[in-house]
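Chemist: no FASTA, just this:
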């Protein structure tokens, strides 16, 4: 499943790395594409949407 999320706190490449690691901690095979300029995160994952959103918020980021 592919999720497209808006993460307003995504500000730099370090933020992208943090979000990517958080998602890959729950799904090691997840493909994550994040753009700090547009604040968009696209996740191709087998994990549930709730699990992905929880991983992102647990890492300290909000989801719009």
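Modeler: Cool, the structure landed. The shown structure was predicted, so the numbers you read here are calculated from the model rather than taken from an experiment.
Chemist: pLDDT (mean, whole number) over the longest helix seen in the chain?
Modeler: When the chain is parsed with DSSP state H, its longest helix is helix 13-26. Summarised as a single mean, pLDDT over helix 13-26 is 98.
Chemist: Direction included, what does the very next helix or strand once past it pair against?
Modeler: Downstream of helix 13-26, the next assigned helix or strand under DSSP states H and E is strand 31-35. Strand 31-35 sits in its sheet next to strand 40-44 (antiparallel), going by DSSP bridges.
Chemist: Pull out the buried residues from the strand it pairs with.
Modeler: If you call a residue buried by 16 or more other Cβ atoms under 10 Å, then strand 40-44 has these buried ones: 41, 43. C-beta: built from backbone N, CA, C; applies to glycine.
Chemist: Report the angle between that strand and helix 13-26.
Modeler: 30 degrees (axes from the mean of the first three to the mean of the last three Cα atoms, to 10 degrees).
Chemist: next one: strand 40-44 to chain centre, how far?
Modeler: With Cα atoms, centre = their mean, to the nearest Å as the basis, strand 40-44 stands 6 Å off its chain's centre.
Chemist: helix/strand/coil for residue 3?
Modeler: Secondary structure, DSSP: H, G, I helix; E, B strand; the rest coil: residue 3 is strand.
Chemist: returning to that earlier point: what comes up buried for the longest helix of the chain?
Modeler: Buried residues in helix 13-26, defined by neighbour count with 16+ other Cβ under 10 Å: 15, 16, 18, 19, 20, 22, 23, 24, 26.
Chemist: quick one: which of the residues you listed is nearest to residue 41?
Modeler: Distance ranking of these against residue 41, using Cβ to Cβ, places residue 19 first at 6.2 Å.
Chemist: Wait, the closest one touches residue 32, no?
Modeler: Yes - counting by Cβ atoms under 8 Å, residue 19 does reach residue 32; the two are 7.0 Å apart.
Chemist: residues shared between the contacts of those two?
Modeler: Residues touching both residue 19 and residue 32 (Cβ atoms under 8 Å, 6 or more residues apart in numbering) are residue 41.
Chemist: quick one: the residue of the chain most remote from its centre and residue 58, what's the gap?
Modeler: The outermost residue of the chain relative to its centre, with distances by Cα atoms, centre = their mean, is residue 37 at 14.5 Å. Applying Cβ to Cβ, to the nearest Å, the value for residue 37 to residue 58 is 24 Å.
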